[in-house]
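**Student:** Using only what follows, build the 3D model:
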Amino acid sequence: MQSFRTEIENPLVEKDIIELADKIELFHKGKIDEERFRSLRLARGVYGQRQPGVQMIRIKLPYGKVSSAQLHRISDVSDEYSRGRLHITTRQDIQIHYVDLDRTPELWAQLEKDDITLREACGNAVRNVTASELAGIDPEEPFNVSPYADAIFKFFLRNPIGQELGRKFKVSFSSSDRDTGLSYMHDLGFIAKIENGVRGFKVMLAGGLGSQPRHADVFYEFLPSDKIIPLMESVIRIFDRHGERRSRAKARLKFLVKDIGLDGFKELIEAEQKALSQHTVPIDVTSYPPTVPVEINSIPKVQIEDHKAYELWKSTNIITQKQEGFVAIGIKVLLGDFYTDKARLLADLVDQYATSEVRLTLRQNIVIPYVKEALIPFFYKELKKLGFTEVGYNKAVDITACPGTDTCNLGIASSTGIAEELERVLKTEYPQYLEDQDLVIKISGCMNACGQHNMANIGFQGMSVRTKDKLTAPALQVLLGGGNNGNGQGVFADKVVKVPSRRGPEALRRILNDFEANANGTTFQEYYALQGEKYFYELLTDLSNVDNLTQEDFIDWGEEEKYVKAIGVGECAGVVIDLIETLFLECEEKIENAKQSLNDAVYSNAIYYAYSSLINAAKAILISDRQRTNTQASIVRQFDELYVDTEKIPLGTSFSDLIYQIQEYAPSQEFATSYIKNAAQFLQKTRAYRVAELVS
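**Tutor:** Numbers count the residues shown, from 1 in each chain. This next block holds a predicted model:
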């Protein structure tokens, strides 16, 4: 791994990549516990795939902005280490599949040559910061949210407070009250506002999808922009300490806030303020690189052969920009999948004729900003050569779907196969929906809602059904009535009925036919609210009958073989060793990181590394005695009760008083030095106790 040292200029990145390579080697040798290794690689964008022996790599692209150079680099990497296919996610990332685990460090090193990171793209960390794809060009925006999303991304990348959370943490920015960033379904959602000439945000807290969707609470109607980073730091600190860790199903922020209430959460936030290094963090928008359109001296002349097709494309795929004389072009990317040969040509096209960047969208599409209006015919011709002129960008025919059983470990039924079939039904049988953006259809392969099915007007969730003969067939849960009402207000869809997957198209036909006949000009969301869940259940319930299944019903969409319910094969196997010793080794690493941060005068980071070491050392002892370690707060409490109060591990003070100094003292060199020393001494005592227990 020495080559990484000479190829990568950023020492933090170099350290990350070398650490990943070293940990892969230790894992193969059976010297790292499998669960701890999984946590480490997930935090570096390396995700176990459904197919054994290969990985999915998630590339983190903050707010979906990708330069031409970066798109070239990602394409090169995909060709070298994967199969040349790029997948856009609903969080504005790009995923590539079928990557050998051992090659992931060199893959990452190649990406970093164009400032592209894998860090915290997966795992229990702050995930990709998403934003409205029209940020900076949106006619309705009070200001461009991109610099603020960028500042959040940079502040929390590698930040020690967010490296070992109980579950993932998701953040979004919406450029206007239309809330196209979907703030109400995020752990923290920011909606751009201006009050009395001051830039700020409406803040939404503790939303989420999954099997138990929760609408976010309004945390602040208006928070000045220089307060958003300290606020987020406080929220993550509380989530880290009090969030559930034993049960993954209950480990999101939404469950913590639901349990203790919004007022209780605010009290915890207030108690954390002394620990913050900064209470205001001004964001200098002038330092954010401006978007500069390419200077065009002459407009290429083109001949449009099919004017009807061209006009339809313009009506659905051209987006008004607030900058006079420019438009954005929406590219509808079927299922979010495109290939490296087309990606390179697209990168060259925007480099020469737009602004050397594209945006990835929350609906798995691509936006080209800053296209001169006079160049629209030229772009149509060039994009048509690439197969990028599919009509219906962000319209009803633009169905969102996660990868499902194609590659995901958790997929239960196909989402991509049914999405293709439903799009075919819409195009051929309901062409009026090519231009309808009021109908949103989304599909997920399981309850985790990566396809965001439970916030759609019409949603489908992959499931399975069993017959009386105990045969299993792929199925779809039909959800109806969800939608985004703007300004932080959304509605989650109701679960109406479960039908065999092969009947999904017929379910869609019935829903649309009923809507066409009876809605009288209302939106689908309004119509569903008027009719109610029972009405649609009665409309569809006969489709749920599994007594009359045919042979075809046992074959999922896009498949040829009979359906077998299998929630993935396991991720990479390895020799499972002592998790307790692994935790102790990580404590040593954290203390070394703390000392390094102390030397760099980053005192808040030094203190938090020491805090993490204290928690992990206590956790190791509790695990050795088969105690539950649901939350960090419960670890502190139990350690006092079982070891300090009984004088099994004498500290001269309570563990609670020792560790919670982090709340009592502001970050300083003096406190950081003392706290790190205490953490090192605590590690010595706990390891000694563990050794004594083993030999007794």
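
**Student:** hang on, residue 414 packs against residue 445?
**Tutor:** Yes - using C-beta atoms under 8 Å, residue 414 makes contact with residue 445 at a distance of 6.8 Å. For the C-beta atoms, the positions are set from N, CA and C on the backbone; glycine is no exception.

**Student:** anything in contact with each of these two?
**Tutor:** With contacts defined as C-beta atoms under 8 Å, 6 or more residues apart in numbering, the residues shared by residue 414 and residue 445 are 404, 405, 462.

**Student:** ok now do the second one, which residues does it touch?
**Tutor:** I take that to be residue 405. 50, 411, 412, 413, 414, 415, 445, 462, 556.

**Student:** again, only this time at 6 Å
**Tutor:** Applying C-beta atoms under 6 Å, 6 or more residues apart in numbering, we find residue 405 in contact with 411, 414, 445.

**Student:** Which ones among those map onto helices?
**Tutor:** Counting by DSSP state H, none of the members of the contacts of residue 405 fall within helices.

**Student:** out of residue 414 and residue 445, which sits in the more crowded spot?
**Tutor:** Ranked by neighbour count (other C-beta atoms under 10 Å), residue 414 and residue 445 place residue 445 first, with 31 against 26.

**Student:** Without its sequence neighbours, what residue ends up closest to that one?
**Tutor:** residue 404 (2.7 Å; C-beta to C-beta, 6 or more residues apart in numbering).

**Student:** State which helix of this protein is the longest.
**Tutor:** The single longest helix within the chain, with elements called by DSSP H, is helix 669-695.

**Student:** if we can go back for a sec, before we move on, what's the pLDDT of the residue nearest to residue 445?
**Tutor:** Looking at residue 404, its pLDDT reads 74.

**Student:** re earlier: okay, who's weakest in the contacts of residue 405 by pLDDT?
**Tutor:** Out of the contacts of residue 405, that is residue 411, at 73.

**Student:** What count of nearby residues applies to it?
**Tutor:** Neighbour count for residue 411, taken as other C-beta under 10 Å: 24.

**Student:** quick one: it and residue 443 touch, right?
**Tutor:** No - applying C-beta atoms under 6 Å, one finds residue 411 not in contact with residue 443, separated by 11.3 Å.

**Student:** so residue 480 bridges to which residues?
**Tutor:** residue 458, residue 494 (DSSP bridges).

**Student:** Just the helices from the stretch 501-650 of the chain, written as ranges.
**Tutor:** With helices called from DSSP state H, counting those that start in this stretch, the stretch 501-650 of the chain shows them at 504-518, 524-531, 533-540, 579-599, 603-624, 632-639.

**Student:** Quickly, which of these bottoms out on average pLDDT?
**Tutor:** Ranked on mean pLDDT, the bottom entry among these is helix 579-599, at a mean of 92.

**Student:** hang on, the earlier thing: between the helices of the stretch 501-650 of the chain, which gets nearest to residue 99?
**Tutor:** When these are compared by C-beta to C-beta, helix 579-599 sits nearest residue 99, at 24.9 Å.

**Student:** Any buried residues in that closest one, and which?
**Tutor:** By 16 or more other C-beta atoms under 10 Å, the buried positions in helix 579-599 come out as 579-587, 590-591, 593-595, 597-598.

**Student:** do the same with stretch 319-335
**Tutor:** Of the residues in stretch 319-335, 319, 321, 326, 327, 328, 329, 330, 331, 332, 333, 334, 335 count as buried by neighbour count, 16+ other C-beta under 10 Å.

**Student:** now for those residues, which pair is the farthest apart?
**Tutor:** 326 and 335 (29.1 Å).

**Student:** Restricting to C-alpha, output stretch 509-518 in PDB.
**Tutor:** What follows is stretch 509-518, C-alpha atoms only, in PDB (Å, rounded to 0.1, in the frame of the first residue of the first chain):
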ATOM      1  CA  ARG A 509     -54.800   0.300 -14.300                       C
ATOM      2  CA  ARG A 510     -57.700   0.100 -11.900                       C
ATOM      3  CA  ILE A 511     -56.300   3.000  -9.800                       C
ATOM      4  CA  LEU A 512     -55.800   5.200 -12.800                       C
ATOM      5  CA  ASN A 513     -59.100   4.300 -14.500                       C
ATOM      6  CA  ASP A 514     -61.000   5.200 -11.300                       C
ATOM      7  CA  PHE A 515     -59.000   8.400 -10.900                       C
ATOM      8  CA  GLU A 516     -59.700   9.400 -14.600                       C
ATOM      9  CA  ALA A 517     -63.400   8.700 -14.300                       C
ATOM     10  CA  ASN A 518     -64.100  10.300 -10.900                       C
END
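
**Student:** List the buried residues of it.
**Tutor:** 510, 511, 512, 514, 515.

**Student:** just to revisit the earlier point, please produce CSV containing the shared contacts of residue 414 and residue 445, extended by secondary structure and distance to residue 287.
**Tutor:** CSV is the format used below for the shared contacts of residue 414 and residue 445 (DSSP: H, G, I helix; E, B strand; the rest coil; distance: C-beta to C-beta, whole Å):
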residue, secondary structure, distance to residue 287
404, helix, 41
405, helix, 45
462, strand, 45
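
**Student:** Including distance to residue 40, could these go into JSON lines?
**Tutor:** Formatted as JSON lines, the shared contacts of residue 414 and residue 445 follow (distance: C-beta to C-beta, whole Å):
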{"residue": "404", "distance to residue 40": "27"}
{"residue": "405", "distance to residue 40": "27"}
{"residue": "462", "distance to residue 40": "29"}
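
**Student:** quick check, nearest of these to residue 206?
**Tutor:** Distances from residue 206 to those, taken as C-beta to C-beta, are shortest for residue 462 (26.3 Å).

**Student:** Is it correct that that closest one is in contact with residue 412?
**Tutor:** Yes - contact status for residue 462 versus residue 412: in contact at 4.5 Å, counting by C-beta under 6 Å.

**Student:** Which residue of the two possesses the greater neighbour count?
**Tutor:** Taking neighbours as other C-beta under 10 Å, residue 462 and residue 412 compare with residue 462 leading, 29 against 24.

**Student:** one step back: between the buried residues of helix 579-599, which sits nearest residue 28?
**Tutor:** Using C-beta to C-beta, residue 582 comes nearest to residue 28 of the buried residues of helix 579-599, at 15.1 Å.

**Student:** nearest residue to the closest one other than its sequence neighbours?
**Tutor:** With C-beta to C-beta, 6+ apart, the residue lying closest to residue 582 is residue 33, at 4.3 Å.

**Student:** And for residue 296?
**Tutor:** With sequence-adjacent residues excluded and distances taken as C-beta to C-beta, 6+ apart, residue 296 is closest to residue 372, at 6.0 Å.

**Student:** And this protein, what are its domain boundaries?
**Tutor:** The chain breaks down into these domains under automatic domain parsing: 2-112, 130-287, 325-385, 400-554, 579-695.

**Student:** could you dump those to CSV with distance to residue 391?
**Tutor:** Output for the domains of the chain, formatted as CSV (distance: least, C-beta to C-beta, whole Å):
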stretch, distance to residue 391
domain 2-112, 19
domain 130-287, 18
domain 325-385, 7
domain 400-554, 6
domain 579-695, 50
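
**Student:** Ok, which of those comes nearest residue 296?
**Tutor:** That would be, of the domains of the chain and by C-beta to C-beta, domain 325-385, which comes in at 6.0 Å.

**Student:** tell me the mean pLDDT over the closest one?
**Tutor:** The model assigns domain 325-385 a mean pLDDT of 97.

**Student:** Please apply the same query to stretch 268-275.
**Tutor:** In the prediction, stretch 268-275 has an average pLDDT of 94.

**Student:** and the longest helix of the chain, what does it pack onto?
**Tutor:** If contacts are counted by 3 or more C-beta pairs under 6 Å, 6 or more residues apart in numbering; DSSP states H and E, helix 669-695 sits against helix 579-599, helix 603-624.

**Student:** Turn those helices into JSON lines, columns for distance to residue 243.
**Tutor:** Shown next, in JSON lines, are the helices and strands packed on helix 669-695 (distance: least, C-beta to C-beta, whole Å):
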{"stretch": "helix 579-599", "distance to residue 243": "18"}
{"stretch": "helix 603-624", "distance to residue 243": "13"}
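
**Student:** So which of the ones you listed is nearest residue 252?
**Tutor:** In terms of C-beta to C-beta, the element of those nearest to residue 252 is helix 603-624, at 19.7 Å.
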